[in-house]
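Undergrad: need coordinates for the following:
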Amino acid sequence: MTREEAYYNTLNAIAKMQWNMAMILEAKAFEAEKVRNWLCMHVTTDSIPDHASNLSTSLKIHEQNVELIESLTKLCQGMNRSMKTILSPGGDEEEGGGLSGLLDGFGGGDSDG
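TA: Numbering: from 1, shown residues only. Now for the predicted structure:
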């Protein structure tokens, strides 16, 4: 496998991971909407007597979503570092520096004209 094929496979895997993360976020948004509707209908001043209990109940419900978003953010940051490494034009100057050598033929390189 050549270096270009390895870079292509890596970028393809990153694209698939981004698609899967988008699907996870879409499902979580749908779930959050259902939770919001349920909370609006069932969590009232009659069901929870004081403000502190109301706040702690809401925090327990939303804590899982916050943890998921934090995890996905860390995953995106790692993927971003991987893509920067592959696509950085300042990497190996004699090797073309990541994919910048491949992109020269497609208008991705530096051109003054």
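
Undergrad: next, count neighbours for Thr85.
TA: Look at Thr85: counted by other Cβ atoms under 10 Å, it has 12 neighbours. In this view, the C-beta of every residue, glycine as well, is placed from N, C-alpha and C.

Undergrad: helix or strand: which one has it?
TA: Per DSSP states H and E, Thr85 falls inside helix 51-87.

Undergrad: so for stretch 32-46, mean pLDDT?
TA: On average, the pLDDT along stretch 32-46 is 81.

Undergrad: now tell me what touches that stretch from outside.
TA: Residues outside stretch 32-46 that contact it (Cβ atoms under 8 Å, 6 or more residues apart in numbering): Asn54, Thr57, Ser58, Ile61, Asn65.

Undergrad: apart from its chain neighbours, what residue comes closest to the first one?
TA: Spelled out, it's Asn54. In space, and not counting its chain neighbours, Asn54 is closest to Ile48: 4.5 Å by Cβ to Cβ, 6 or more residues apart in numbering.

Undergrad: poorly predicted segments of this structure, please.
TA: Low-confidence segments of the chain (pLDDT under 70): 89-113.

Undergrad: max-length helix in it?
TA: If you go by DSSP state H, the chain has its longest helix at helix 3-42.

Undergrad: just the angle between that one and helix 51-87, please?
TA: 170 degrees (axes from the mean of the first three to the mean of the last three Cα atoms, to 10 degrees).

Undergrad: quick revisit: gap between the residue nearest to Asn54 and Ile14?
TA: Distance, Ile48 to Ile14, by Cβ to Cβ, to the nearest Å: 44 Å.

Undergrad: re earlier: so which elements touch the helix holding Thr85?
TA: Here helix 51-87 touches helix 3-42, going by 3 or more Cβ pairs under 8 Å, 6 or more residues apart in numbering; DSSP states H and E.

Undergrad: centroid residue for this structure?
TA: Centroid check for the chain by Cα atoms, centre = their mean gives Cys76 as the closest residue, at 4.1 Å.
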